[in-house]
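Novice: Following is a predicted model, sequence given first.
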Amino acid sequence: MISKIKALAVKLLFATIFLLAGGHAMAAGALAIDSLQGEKYGFSFNHLNADQAEQRAMRECGSNCSVVLRFSRECGAYAADQAKGSNAYGWGTGATSSAVQQRALAECRAKGGSSCKVRSWGCDAVASSDKDSGSKDNNASSTEFQMQGDWQVEYAGSAGFSYSGSLRVHENTGNGVYRGVMVLAYTTTEGKSKRVQQNTLITVRGNTVTIKGSNPVYLLGSGDYDPDTYTMTISNAGLMRGQNNDAGGSRGAVVITRR
């Protein structure tokens, strides 16, 4: 089981490292798409410089791809039409995750997309640092337990298979409330590999952390995914344990560790 979880974790193309390196804040991102205009794509954010961001995006996209968007110290998003045979797509940049997702969707629809969905989005760390700086001391729990950064998620679902992935917490809105994005990979009992991304709203209250997922989007495979709701208990600065109770009634044990 452990080897299976590790194998799934390796498949996570979306996960990138959120940290400070050499005293420089990460503030560069890029989007690459293929010659068929969006059938394949690569998206990156929170890199030290534009070159690293472009290399990551190109690596995720693969052959016959080119970088079509570069952004720095802000948020970016990519949307594509899910309708069969359509190559409508769109992207956007801006100050907030919600704004850039709406821009990407609007551009996709303007190009004729009938079933546009956000495929990837992210915010450079510097994009929210000014906003966060005024709210760090608004609540004792938010200063005592630091949520921002990258976390490893392991979830033993009640459906008979395990989920493994990443939780990136990139925005501190104050009063112990954070926003982030979670990507989980799993293989169904039928042997189908899937990967799904969710927006997350995170609330820290004392020793309890609640993580509510929304807007699930399949990055690999397809299907219906009920947003997760994790209720976690803080064990230490780098470990949380708890349970999932998603919108469809699925339950299971969850362990989240800091990367």
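Specialist: That came through fine. All values reported here derive from a predicted model rather than from experimental measurement.
Novice: could you pull out the helices for the stretch 101-250 of the chain?
Specialist: With DSSP state H, counting those that start in this stretch as the criterion, the stretch 101-250 of the chain has helices at 125-133, 140-144.
Novice: mean pLDDT for these: which is lowest?
Specialist: For the helices of the stretch 101-250 of the chain, the bottom mean pLDDT is recorded on helix 140-144, which sits at a mean of 38.
Novice: Give the closest residue to Ala83 in space, chain neighbours not counted.
Specialist: Leaving out its chain neighbours, the residue that sits closest to Ala83 by CB to CB, 6 or more residues apart in numbering is Ser115, at 4.6 Å. For glycine as for every other residue, the C-beta is placed from the backbone atoms N, C-alpha and C.
Novice: Quick check: that neighbour touching Gln82?
Specialist: Yes. Ser115 is within contact range of Gln82, at 4.3 Å (criterion: CB atoms under 8 Å).
Novice: any low-confidence regions in this structure?
Specialist: In the predicted model, the chain carries pLDDT under 70 at residues 1-26, 35-39, 125-144.
Novice: Show me where it has its strands.
Specialist: Ranges of strands in the chain, per DSSP state E, are 28-34, 41-47, 65-72, 75-81, 89-94, 116-123, 149-157, 162-174, 177-187, 193-205, 208-220, 229-236, 239-245, 251-258.
Novice: Tabulate these in JSON lines, adding columns for mean neighbour count.
Specialist: Output for those, formatted as JSON lines (neighbours: other CB atoms under 10 Å):
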{"stretch": "strand 28-34", "mean neighbour count": "25"}
{"stretch": "strand 41-47", "mean neighbour count": "25"}
{"stretch": "strand 65-72", "mean neighbour count": "18"}
{"stretch": "strand 75-81", "mean neighbour count": "27"}
{"stretch": "strand 89-94", "mean neighbour count": "22"}
{"stretch": "strand 116-123", "mean neighbour count": "24"}
{"stretch": "strand 149-157", "mean neighbour count": "19"}
{"stretch": "strand 162-174", "mean neighbour count": "22"}
{"stretch": "strand 177-187", "mean neighbour count": "23"}
{"stretch": "strand 193-205", "mean neighbour count": "19"}
{"stretch": "strand 208-220", "mean neighbour count": "18"}
{"stretch": "strand 229-236", "mean neighbour count": "16"}
{"stretch": "strand 239-245", "mean neighbour count": "17"}
{"stretch": "strand 251-258", "mean neighbour count": "16"}
